[in-house]
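In: What follows is a predicted protein model with its sequence.
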Amino acid sequence: MNIRRAKIEDLPGMQACNLRNLPENYSMKYFMSPFYPAYLYHCATWPSISYVAEDKGRIVGYILAKMEEEIAEGEPAHGHVTSISVLRSYRRLGIAKKLMLQSQESMATIYRASYVSLHVRKSNRAALSLYRDTLGFEVQDIEQKYYADGEDAYGMRLMLKHD
Amino acid sequence: MSKKAVAPKESNRYLSSKESTLFKELLSLYEAKQLKKGLKTADQILKKHPEHGETLCMKGLVLVHMGRREEGVELVRKGIRMDLTSHIVWHVFGLIQKGEKKYEDALKSYTQALRFDKDNMNLLRDVAQLQTQLRVYDGLVETRHTLLRLRPTARQNWIALAVAYHLSGHLAEAKKVLAEYEKTLKNVPHYDVEHSETLLYHVRVLEELEQHSEALALLDVSAKDRTIVDKTAIMEIRARLLLKLKSDEAEHAWKVLVEHNPECYDYYKGYMLNQGLSLDENPAEALAILHEFSIQFPKANVPRRLSLSLASGEEFQTLAQAYLLSGLTKGIPSLFVDVKSLYTDTTKLKSLQDIAESIRKDTTPDPSVASSSVSTEPTTYLWVLYFLAQHYSYLSEYLKALELLELAIAHTPTLPELYTCKARTLKRAGDFFGASRAMEDARLLDGQDRFLNTKSAKYRMRAGFIDEASALLGLFTKKDAPSPGADLEEMQSLFYLLEEGDAHRRAGRLNLALKKYAAVQRVFDDYEDDQYDFHGYSLRKFTINIYLNVLNWEDHLRSHPSYIKAAIAASRIFVNVFDNPKIASGNIDGGATDAEKKAKKKAKKAQKEKEDAAKKAASATAPTSTNEDKGLDVPYKDDDPDGIKLLSSPELLELAAKLLQPLTTLAQSNIEVWIAIYDVAIRRDKHLQAAQALTHARTLDPEYPDLHVRVVHARHFVSTLPEPIPSPSGPVFIETIQKMLPEEVSPETFNSQYLQNHSTSGKAILATAQASCALGASLQEMEDLIFTVLRDEVQLDIKTALEISSFLKELKSSRLDELHQAFDVRFTVSTAFKTSDELTKLREWALTTKANDSKSSDNGVDAPVENEAELGKDA
C-alpha cells in the first residue's frame, strides 16, 4: 500500500474506484459547470490536496478535495471533501484516515484553510462514525434532500490546526 | 468578436450609421449570450443589408447557439462568401469548427482571421489554445510572444510564454523568461498560492536543465521567505535535488519525508537509493534500516512489507510469521493480495503456506473443549481459512480451496468475502454459473454495497447473463437514465463497457460487442478533448506544474490497459468479419438482448418525447422564444445503436488500423498489439508494416504461439501470391520472414519443429493446428493434432481449452462433442463443456440463489437505501 498525492495519470483509476464503490459518480471533466465535481477540474485547480492509496499500480482508495470557491466577505478559506472511498477489499487498513490526514495537512499549509467540510448520507452510520469518532468532525447542519435520491445529508466540519 | 472599423461606402461591408450601431449591439448581445435579442438585432440589420457578410455570420453563430445548427452553419458559410477579408467571418467560422472538434480546420480559419486583424487578443488567445491542442509548439511560441508584446503587464502572458518555450523544447529560453518575469514583480505577498506555483515551476525548469545547485538555491530561499507554500512539494524536490547533488544533507531530507508520510513507498526508495542501496540488493543493510523505521513508525505498513520483499531464509520466516499473524488477527481482507507478489519466489511461497497452515492448526477450535475456553480469537481461524483458500485457489488447487471455504462459511455464514472468494475460485476452475451464483450470494449479504453489486454483475456477464447483470447494475445507476448501461457509459465506466462488450462477443453478437468497444474508444476521445479548456484555464490559475503533467498524460492516454484491450478486441472482430462476412450477417438479427430492446425502446420514446416537446415549443411560440444557450459543441448522436452499420462497414480494416495506430508507439511491449497490427496490415497489403510488426513481436517473445501462426501465415502468403510484392516493401518483407523461417525450410517442417519443441504446451499445439489450417491441411490432420492436448503430460488451462473448442467449432469438426466430453472429465469443476441440456439446467440454477430460496417476495434484488460500509459523498 502506498499513500501519496494524486497524479494526473491516477485520475482514471480514481474514477474507476469511485464507480465501483459509491452511488455518486462524476465524469472526467464537466469543465463549464464548476459545481459539478470532476476529477480533472479538481486536480488541475487544487493539485496538491487530493491523495490516493495505490497497490501495485492499482488505485484502491482516494480522496478528491477542493477549496471552497464561493466564500462570503470575511469568511475564512476552507476546504471541502468532494469524495472519499476505499475499495471494500482494502478495508481495515486505516486508509481513509491516512488519506484524510494528508489532504488536511496540505489544505492547511498551502491554502491556510481554517476548516474542512464534507457531506455524508444521514443513514451512512459507518462513514458518520469514521468522520466523527476517528477523525473528529462535528455535525454542522442537516441539508434536506441533498442527494439525488432524496436522502438528507449531514454537513460536517473539522477545524484545522495551524503551526 | 471585437470592434470593427467603419467600412467605406462602396464596400460590401458598409453599414449605414443606424445599422452600424445595431451591429455593435449585436456583438455585445452575443458576448452576453442574449441570443433572442441578438437574433432580432441581426434580422433588423439584414432587412436593410441582406448580404452583409459579418451580420450573416453572427446570425448563423447565434442560431447554432440556439440549437439550430444546420441553418446557422449555412448562414455562416454564406456570410464568409460575402466578405472574405473580414476577421469576424473567419473568427465565427473558426468557432464553429472548434465546436465540431475540427481543430486543424479551426486553426486555419483563425490564422485567416489574424491576417486581417493581427493584434486581436481574443483571436490570439484562441489560436494559442488551438496550437497547444494540436501540439504546434513553434507556432505557439510565436503567438505567446505576440500576446506578451501586446500586454506585458498581464502576468499570465509571461508564464504562458515560458510554458510555450518549455513545450517546444527550449528550456533555457523558458528559464530566461521566468527570470525576466520575476524581475518585474514588486511586493509579492506571502502565502500567494499562484506565485508559489510559479516559483515551483521555475525550480522545475532548472531541475530539467540539470542545474541542480541553482534549483536548490531557489527552492531554499523561496521556502525560507515563505514564497513557496507547498511544504510537501518543497520536501520532495529538496530531497531529490540533494540526492542528485550527492549532498550530505540528503539522508536527512529523505528521512524527513518518511516521517512526514511513513506510508509512501517512494520516500523509502529515495532514502535507500541515497544510501547506495537498492531494494533488491544488499538486503542486510537495507533490512536494518527498515527495521529501524518500523520501530519508529509502529503503525506504518510499508517498512514491514518492504522487509518481506528483501529478507530471505530464517529472517523471512520470522518476519513473515509476525506479518501474517498480525494481519490475520486484525482480519485484514487484503492480506493475501498484499503478499501474493512474493510468490514469484517459490521458497517464500512455501514458507508462507507453512506459516498459514500452522496458524490454522493453532487456531482450529477443538470440539472437545468448550468454546469459551478457546485461547485465540475465533476470527483468526476464520481469516486464516480465507487466506489459505485464496492461496490454494491462486495455485489452481481449486478443490482444496473450495473445501476450506465451506469450512469457513459453516463457521461464519455472513461474511461476503468468503463467497466472493468462492466465486473467483469457481470462475478460475471454469464453472461460470456456480461463480455467478456464489457472487450473488455475497451481494445479498450486503445489498447496499455497490462493490459487491458490481462484482455480481460482472460475474453474471461472465456467465452470459447480460440482462440479469443489467438489472443488478441498475440498482445503483441513475433512475432517469434510458438504461443502466447508458448511465455507466456516460459516467465513463471502462470496466462496464469492456465486460459487456466481451459478453456480447462470447455470445457471437459481434455488432453489440463492437458498440461497447467503440464506446471505450469514445471515452478516450473525450479524455483527449477534455484538455482543451485547460490550455487557457490552467495558465490563468497559475497551476502550471500540474498543467504540464496534464499535457503529458494526454499524450500517452491510449497506453491505458482498457484502451488496449478494446482496440485489440475490436480489431479482431473487424479482421474476422473481413475474412468471413457471413459471421456478421449471421448474428445481426435479434442481436439485442431483451433488456437492451427495452432500454432502446425507452430511449427512443424519451427521444421522441423530447423532440415532440421541442417541436411543440417551436410551433407554439416563435422559434426565437428561448435564450437557452446550447453551446457550440456538436452533441454526440448515435445513429447506429445496434452497431449494424459499423459491422457492415466497407472499411473494416481501415477502422481496425485506426484503432491500433496509437499503440504502435504507446504499447510497444505488448505482443498482442503487434499480432493484431500484423493481422490488419497484411490484409491491407501494408507489407512493410506487417514485417515490422512481426519483428517487434519476435523481440518480445520469439516462441510466442500466436506469433508462430503469423510467421507461417506470412511465408504461405508470399509463396502463394500470383505476383511478387513490388520493391522496396517486397524484398524487405521477404527478408524479414526469412530471418524467422529460413528459405530452405518448408513451412510444414517449420511447423512440426515448433510442435516438437513445445509438445507439452496446450497453447503451442493449438498454434500448430492453426498454422496447419493456414497451410491447407486436411480436417482429419488438424483434429488428430488437436486431440493430442488430451495427453496427460500436456499443460492445459481452461482459457486455452475454450479456444481449442472454438477452433474446432470453426472447422465444423464432427468430433467437437467428443472433445468436450474429454475436457469435461479433465476439468472436474468446470461447467464450460457440458451438453446443451445440462447447460440449460445450469443456467436456471445459477439465477436462483440461496437467499431467494428462502425469501419469497422479491427476486433477489434489494433496493439500495444507503451504503453502510461505504464512506459516501456528495451528489
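Out: Right, received. Where do you want to start?

In: Pick out the residue in the stretch 251-400 of chain B sitting closest to chain A.
Out: Going by Cβ to the nearest Cβ, chain A is nearest to B:Glu263 of the stretch 251-400 of chain B, at 4.0 Å. Yep, even glycine has a C-beta here, placed from its N, CA and C like the rest.

In: what's B:Leu308 in contact with, if anything?
Out: Contacts for B:Leu308 were tallied using Cβ atoms under 8 Å, 6 or more residues apart in numbering or on different chains; they are B:316, B:319-320, B:323, B:339, B:342, B:348.

In: for chain A, what helix or strand is lowest in average pLDDT?
Out: Sorting the helices and strands of chain A by mean pLDDT, DSSP states H and E puts helix A:125-129 at the bottom, at a mean of 88.

In: Can you name every helix or strand that it contacts?
Out: When contacts are defined as 3 or more Cβ pairs under 8 Å, 6 or more residues apart in numbering or on different chains; DSSP states H and E, helix A:125-129 packs onto strand A:115-121.

In: Neighbouring strands - and their directions - for the strand it packs on?
Out: Strand A:115-121 has these partner strands in its sheet, going by DSSP bridges: strand A:78-86 (parallel), strand A:153-159 (antiparallel).

In: Adding mean neighbour count and mean pLDDT as columns, could you present those in TSV?
Out: Listed next are those as TSV, based on neighbours: other Cβ atoms under 10 Å in any protein chain shown; pLDDT from 0 to 100:
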stretch	mean neighbour count	mean pLDDT
strand A:78-86	25	94
strand A:153-159	19	96
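
In: pull the CA atoms of stretch B:420-434 into CSV?
Out: The C-alpha trace of stretch B:420-434 is given here as CSV (Å, rounded to 0.1, in the frame of the first residue of the first chain):
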residue,chain,number,x,y,z
THR,B,420,-16.5,-13.7,-3.4
CYS,B,421,-13.5,-16.0,-2.9
LYS,B,422,-15.7,-19.0,-3.7
ALA,B,423,-16.9,-17.2,-6.8
ARG,B,424,-13.4,-16.4,-8.0
THR,B,425,-12.3,-19.9,-7.4
LEU,B,426,-15.2,-21.4,-9.4
LYS,B,427,-14.6,-18.9,-12.2
ARG,B,428,-11.0,-19.9,-12.4
ALA,B,429,-12.0,-23.5,-12.5
GLY,B,430,-14.3,-22.9,-15.4
ASP,B,431,-17.6,-23.0,-13.6
PHE,B,432,-19.0,-19.6,-14.6
PHE,B,433,-22.5,-20.4,-13.4
GLY,B,434,-21.5,-21.5,-10.0
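
In: low-confidence ranges in the stretch 201-350 of chain B?
Out: Applying pLDDT under 70 to the stretch 201-350 of chain B flags residues B:279-282.

In: Repeat the analysis, applying 90 as the threshold.
Out: Within the stretch 201-350 of chain B, the stretches with pLDDT under 90 are B:276-284.

In: which bits of it sit near chain A?
Out: With Cβ under 8 Å from any Cβ of the partner chain as the criterion, the stretch 201-350 of chain B meets chain A at residues B:229-233, B:261, B:263-266, B:299, B:301-302, B:305, B:330-334, B:337-338, B:341.

In: tell me which residues in the helix or strand where B:His145 lies are buried?
Out: For B:His145, the host element (DSSP states H and E) is helix B:137-150. The neighbour-count check on helix B:137-150 (16 or more other Cβ atoms under 10 Å in any protein chain shown) flags B:137, B:139-148 as buried.

In: for B:Ala777, helix, strand, or coil?
Out: Using DSSP: H, G, I helix; E, B strand; the rest coil, the structure places B:Ala777 in coil.

In: Contacts only, for the closest residue to B:Glu207 other than its chain neighbours.
Out: Leaving aside its sequence neighbours, B:Glu207 sits nearest to B:Ala215 (Cβ to Cβ, 6 or more residues apart in numbering or on different chains; 4.7 Å). Applying Cβ under 8 Å, 6+ apart, we find B:Ala215 in contact with B:203, B:206-207, B:237, B:241.

In: Please repeat the previous calculation with a cut-off of 7 Å.
Out: B:Ala215 is in contact with B:203, B:206-207, B:241, counting by Cβ atoms under 7 Å, 6 or more residues apart in numbering or on different chains.

In: Likewise for B:Pro650?
Out: So B:Pro650 contacts nothing (Cβ under 7 Å, 6+ apart).

In: So it belongs to a helix, correct?
Out: No. Counting by three-state DSSP, one finds B:Pro650 to be coil, located in no helix.

In: Check the gap between it and B:Val384 for me.
Out: Counting by Cβ to Cβ, to the nearest Å, the gap from B:Pro650 to B:Val384 is 61 Å.

In: still on that earlier bit, take the contacts of B:Ala215 and keep only those in helices.
Out: Secondary structure assignment by DSSP state H places B:203, B:206-207, B:241 of the contacts of B:Ala215 in helices.

In: Can I get the strands paired with strand A:115-121 in TSV including distance to B:Leu666?
Out: Compiled in TSV, the strands paired with strand A:115-121 are given as follows (distance: least, Cβ to Cβ, whole Å):
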stretch	distance to B:Leu666
strand A:78-86	29
strand A:153-159	42
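
In: Among those, which comes closest to B:Leu514?
Out: Nearest to B:Leu514, of all those, is strand A:78-86, at 32.6 Å by Cβ to Cβ.

In: Number of residues surrounding B:Glu735?
Out: Other residues near B:Glu735 number 10, with proximity taken as other Cβ atoms under 10 Å in any protein chain shown.

In: does it sit in a helix or strand, and which one?
Out: helix B:729-740.

In: in that helix, what counts as buried?
Out: B:729-730, B:733-734, B:736-737, B:740.

In: next one: phi and psi at the closest residue in space to B:Leu402 that isn't next to it in sequence?
Out: Nearest non-adjacent residue to B:Leu402, counting by Cβ to Cβ, 6+ apart: B:Thr425, 5.9 Å away. Phi and psi for B:Thr425, reported as degrees, to the nearest 10, are phi -60, psi -50.

In: On the pLDDT front, check B:Thr425 for me.
Out: Note on B:Thr425: pLDDT of 98.

In: Hmm, B:Ser393 and it touching each other?
Out: Yes. The pair B:Thr425 / B:Ser393 is scored as a contact, 4.2 Å apart, by Cβ atoms under 7 Å.

In: Those two - which one has more neighbours?
Out: More crowded of B:Thr425 and B:Ser393, by other Cβ under 10 Å: B:Thr425, with 28 against 24.

In: Tell me the buried residues in the following helix or strand past the helix holding B:Glu735?
Out: Downstream of helix B:729-740, the next assigned helix or strand under DSSP H and E is helix B:747-757. Neighbour counts using 16+ other Cβ under 10 Å place B:747, B:750-751, B:754-755 of helix B:747-757 among the buried residues.

In: Give the other helices and strands that helix B:747-757 contacts.
Out: On a contact count with 3 or more Cβ pairs under 7 Å, 6 or more residues apart in numbering or on different chains; DSSP states H and E, helix B:747-757 meets helix B:705-719, helix B:762-774.

In: now that helix, how far from the centre of its chain.
Out: Here helix B:747-757 shows a centroid-to-chain-centroid distance of 39 Å under the convention Cα atoms, centre = their mean, to the nearest Å.

In: Give the burial count for the closest residue to B:Ser312 other than its chain neighbours, as a bare number.
Out: Leaving aside its chain neighbours, B:Ser312 sits nearest to B:Pro283 (6.9 Å; criterion: Cβ to Cβ, 6+ apart). Neighbour count for B:Pro283, taken as other Cβ under 10 Å: 19.

In: do the same with B:Val302
Out: Other residues close to B:Val302 by other Cβ under 10 Å number 22.

In: what's the distance between it and B:Arg815?
Out: According to Cβ to Cβ, B:Val302 and B:Arg815 sit 55 Å apart.

In: Quick check: neighbours shared by B:Thr425 and B:Ser393?
Out: B:Ala401.

In: Redo the buried residues of helix B:747-757 as TSV? Include distance to B:His195.
Out: Formatted as TSV, the buried residues of helix B:747-757 follow (distance: Cβ to Cβ, whole Å):
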residue	distance to B:His195
B:Pro747	69
B:Phe750	68
B:Asn751	69
B:Tyr754	65
B:Leu755	69
